[in-house]
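*Asks:* Take this sequence and fold it.
(one chain, ligands or ions: 1)
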Amino acid sequence: MDLTNSIELTKKIKEEALKEGFDAVGIAKVPGSSRIKLRSAALERWLEAGYQAKMKWMENNRRKDIENMLDGVKSVIAVGLNYHIDIDNKSRDLSIARYGWGKDYHKVMKKKLKKVGQFLEKESPNTQWKICVDTSALLDKVWAEEAGIGWIGKHSNLINNKIGSWMFIGHLLSTESLQADEPSKPLCGNCEKCIDACPTKAIEEPFIINSNNCLAYHTLENRDKELPTNISKNMGNWVAGCDICQEVCPWNHQRIPTTSEPELQPFEWILNINKKEALLWTDEQWKEKLNGSALKRIKPWMWRRNINSSSNI
Ligand code: B12
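*Replies:* The predicted structure is shown next:
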């Protein structure tokens, strides 16, 4: 494809992504800048330090090279979807992290990305493409940073200068050679509010999360019958994920609109959950509530464990 066509196609793809409702879109070229190598080396160090806790799947070697995801991949179309809802999460009986308030974001993002992929294929019939949202062996934040839709903050989440870090990330990998955007520059400056606010000191150093100490890890991923004391002692009301490091971030204190995505509007039960009632719900009742939610990952017994461990019981 010549340069003019590539510029034209790049523009059309971005327009299509925005039309699908994504709030941010950017493009990176494979193999990317030297930062990709640095971040991949950081993954190596993170694993060596044991910061993945019991998430064995994080050790999958495929994660280290994007070529493993799609043969002949040339471009990465990175998208961000705002999931902010303008409702206070502080004065609640039980706190549930914002990413889980609406329908499962994996499904919401994949549906939209599929439409973008089909559009690309219509424009350029020989193109191969692949959708990656969270569960693929890809460093989502790293490629999003490379594609210019945000920078990796000290809490390790990607921050977009307009919608902060309340943003899901997804990617469409493609064998098409598209025009790359400038990678984002980190704008955290000297701020370390996220590091100071973490009650379990999970941010070992700027940008590096030790999952062994992270409330999100323990409430979502830990499959042990009991939570470690360091966690239960400091978890407050958090029973499903944790947003403390993002709540204190000045980039999330700007006026961020409530997402207009209908599927991300909060489930009623999530806004009204209270510990007394929730502890009485049967497995069946939990399953019904969690149907279509990303929080399904937390099994009913884990919900009970988390609620019982939270300090307000
Ligand atoms: C494993 C995982 C977790 C683990 C580990 C967290 C972690 N930070 O790694 C646990 C279960 C704890 C977790 C929690 C959460 N997660 Co999570 N998680 C992932 C997953 C699957 C992999 C992340 C990963 O590769 N970790 C490995 C380590 C090495 O990476 P890292 O901490 O990101 O470190 C990078 C940076 O530190 C950077 N780096 C290193 N040195 C330096 C130096 C400088 C100067 C800079 C700038 C950067 C930098 O390079 C490292 C390597 O990539 C991604 C999806 C994906 N496929 O990528 C989602 C993902 C990161 N999670 C997401 C979300 C929403 C969350 C939670 C907010 C959910 C919640 N509210 O409870 C919390 C946030 C906790 C936190 N502060 O990180 C979103 C984040 C969206 C965003 N805007 O960034 C993602 C991207 C999923 C998605 N596709 O939307 N998660």
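*Asks:* what about Ala42, which SS state?
*Replies:* Recorded secondary structure, Ala42: helix (DSSP: H, G, I helix; E, B strand; the rest coil).
*Asks:* Contacts only, for the residue nearest to Met58 when sequence neighbours are not counted.
*Replies:* Leaving out its chain neighbours, the residue that sits closest to Met58 by Cβ to Cβ, 6 or more residues apart in numbering is Gln52, at 4.1 Å. For the C-beta atoms, the positions are set from N, CA and C on the backbone; glycine is no exception. Taking Cβ atoms under 8 Å, 6 or more residues apart in numbering, we find Gln52 in contact with 46, 58-59, 211.
*Asks:* Next, count neighbours for the residue in the stretch 201-313 of the chain that the ligand sits nearest to.
*Replies:* At 2.6 Å from the ligand, Gly241 is the closest residue in the stretch 201-313 of the chain, using Cβ to the nearest ligand atom. For Gly241, the count of nearby residues is 21 (other Cβ atoms under 10 Å).
*Asks:* which residues sit in contact with it?
*Replies:* 96-97, 99-100, 215-216, 219-220.
*Asks:* what's the model's confidence in the host helix or strand of Glu15, averaged?
*Replies:* In the assignment (DSSP states H and E), Glu15 maps to helix 3-19. Throughout helix 3-19, pLDDT has a mean value of 95.
*Asks:* and the helix or strand following it, which strands flank it?
*Replies:* Downstream of helix 3-19, the first helix or strand assigned by DSSP H and E is strand 24-29. Applying DSSP bridges, strand 24-29 is found paired with strand 75-82 (antiparallel).
*Asks:* Which residues of the stretch 151-300 of the chain lie near the ligand?
*Replies:* 152, 155-158, 165, 167-169, 186, 207-209, 211, 214, 216-217, 220-221, 241-243, 245 (Cβ under 6 Å from any ligand atom).
*Asks:* Of the residues you listed, select the buried ones using a ChimeraX command.
*Replies:* To isolate the buried ones among those in ChimeraX, judged by 16 or more other Cβ atoms under 10 Å, type:
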select :152,155,156,157,158,165,167,168,169,207,209,211,214,216,217,220,221,241,242,243,245
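*Asks:* Now do the same for Lys201: helix, strand or coil?
*Replies:* Strictly by three-state DSSP, Lys201 counts as coil.
*Asks:* mind listing what it touches?
*Replies:* Applying Cβ under 8 Å, 6+ apart, the residues contacting Lys201 are Asn213.
*Asks:* again with the one 3 residues further on
*Replies:* When the contact criterion is Cβ under 8 Å, 6+ apart, the partners of Glu204 are 51, 210.
*Asks:* and it, what element?
*Replies:* With DSSP H and E as the test, Glu204 turns up in strand 203-205.
*Asks:* Please state the offset of that strand from the chain centre?
*Replies:* 19 Å (Cα atoms, centre = their mean, to the nearest Å).
*Asks:* Each with direction, which strands does it pair with?
*Replies:* strand 208-209 (antiparallel).
*Asks:* what about stretch 217-236, how long is it end to end?
*Replies:* 15 Å (Cα to Cα, to the nearest Å).
*Asks:* How about residues contacting that stretch?
*Replies:* 53-55, 95, 199-200, 202, 211, 213, 215, 238-242, 297-298, 302, 305-306, 309-312.
*Asks:* PyMOL command for the buried members of the residues you listed?
*Replies:* To isolate the buried ones among these in PyMOL, judged by 16+ other Cβ under 10 Å, type:
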select buried, resi 53+95+199+200+202+211+213+215+238+239+240+241+242+298+302+305+306+309+310
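*Asks:* could you point out where the stretch 51-200 of the chain is predicted with low confidence?
*Replies:* Along the stretch 51-200 of the chain, no part satisfies pLDDT under 70.
*Asks:* So which residues of the stretch 151-300 of the chain form helices?
*Replies:* 193-197, 215-220, 229-232, 244-247, 268-272, 275-278, 283-290, 300-309 (DSSP state H, counting those that start in this stretch).
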